[in-house]
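> sharing a model that was predicted from the sequence below.
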Amino acid sequence: MLENLRGIFRKRRRCESDTAPPPPPAKEAEIIPPYPEDIDDETPESNDGFDASWTEEGSFHSPHSDRPFNTSERFVTILDNLDARVEKLRKDALNLQEKKDYLLMSMDLIKSNEMMQNMSEAEREEIILYIQRVSSRLATVELNVRTVRDNSQEDSLSQINVLIDSMIKMGDPVIGRQRCQLYLNACCSSSMDPSGHMDTVHEADVGPIDKKFESVLLGCTLDDQKNIKKRLQALMAYLNKQTVSH
């Protein structure tokens, strides 16, 4: 009797093991490494497509939908997520580049400040050496977010940088502020909408502009135009403080 019961239990175990479903295939999280949490502060906790579960037919279900996705849609979902992260990385890098440019500009303004001329030669040399040490440390930070430009746009950006650098090295904050305002007005006199059409603002609405600067500015890419305007705004804020202190 006991032997018969054992035989029945053995048969039942074999039947259960034969009908057990196969283990699910790997999820999306195994396709790419997990995103580092310490640099992903603004990324939502739920990663669309990464927690999806597979069906026996080889498709998978999104956690936000009951409809199964095929393999192509699976990868599109993952790539959409990566594309958003790449765009955020570019924006973060551009912000860091702007901060670095601001630090470089600040040191150039210090070197050209007229108060430097009132110092003794020893004091001036000491300050210059200090600036060089800080500049050397800043030079160890390399940031490069490449903006696609043709030869004409590269030339226009180079001319803009020469004009701004010449203005910074004037040494007179009053004249520098006047020139900076002309450049900034040129940035505001023409704006481009997302479709690429140029909207021109009448000169009377923005004040006098530097025509040469405006002509060169319009030859730059839209991203460069935005960055140039931000740089001039930061420079104007500094020059305003310098002018008030005088």
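That came through fine.

> show me what stretch 231-243 is in contact with.
Residues outside stretch 231-243 that contact it (C-beta atoms under 8 Å, 6 or more residues apart in numbering) are 98, 101-102, 105-106, 109, 164, 168, 173-174, 176-177, 180-181, 183-184, 187. For glycine as for every other residue, the C-beta is placed from the backbone atoms N, C-alpha and C.

> out of these, which are buried?
105-106, 109, 164, 168, 173, 176-177, 180-181, 183-184, 187 (16 or more other C-beta atoms under 10 Å).

> closest to residue 218 out of these?
For the buried ones among the contacts of stretch 231-243, the closest approach to residue 218 (C-beta to C-beta) belongs to residue 187, at 10.4 Å.

> which strands and helices sit next to whichever helix or strand the closest one is part of?
Following DSSP states H and E, one finds residue 187 within helix 173-189. Packing partners of helix 173-189 (3 or more C-beta pairs under 8 Å, 6 or more residues apart in numbering; DSSP states H and E): helix 151-168, helix 203-206, helix 211-217, helix 222-245.

> mind exporting it as PDB, just the C-alpha atoms?
Extracted in PDB, the C-alpha atoms of helix 173-189 (Å, rounded to 0.1, in the frame of the first residue of the first chain):
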ATOM      1  CA  PRO A 173      34.600 100.100 -18.700                       C
ATOM      2  CA  VAL A 174      32.400 103.000 -19.900                       C
ATOM      3  CA  ILE A 175      33.500 102.700 -23.600                       C
ATOM      4  CA  GLY A 176      33.400  98.900 -23.300                       C
ATOM      5  CA  ARG A 177      29.900  99.000 -21.900                       C
ATOM      6  CA  GLN A 178      28.800 101.200 -24.800                       C
ATOM      7  CA  ARG A 179      30.300  98.900 -27.400                       C
ATOM      8  CA  CYS A 180      28.800  95.800 -25.600                       C
ATOM      9  CA  GLN A 181      25.400  97.400 -25.700                       C
ATOM     10  CA  LEU A 182      25.700  97.900 -29.400                       C
ATOM     11  CA  TYR A 183      26.600  94.300 -29.900                       C
ATOM     12  CA  LEU A 184      23.800  93.100 -27.600                       C
ATOM     13  CA  ASN A 185      21.300  95.200 -29.500                       C
ATOM     14  CA  ALA A 186      22.500  93.600 -32.700                       C
ATOM     15  CA  CYS A 187      21.700  90.200 -31.100                       C
ATOM     16  CA  CYS A 188      18.200  91.400 -30.200                       C
ATOM     17  CA  SER A 189      17.500  93.100 -33.500                       C
END
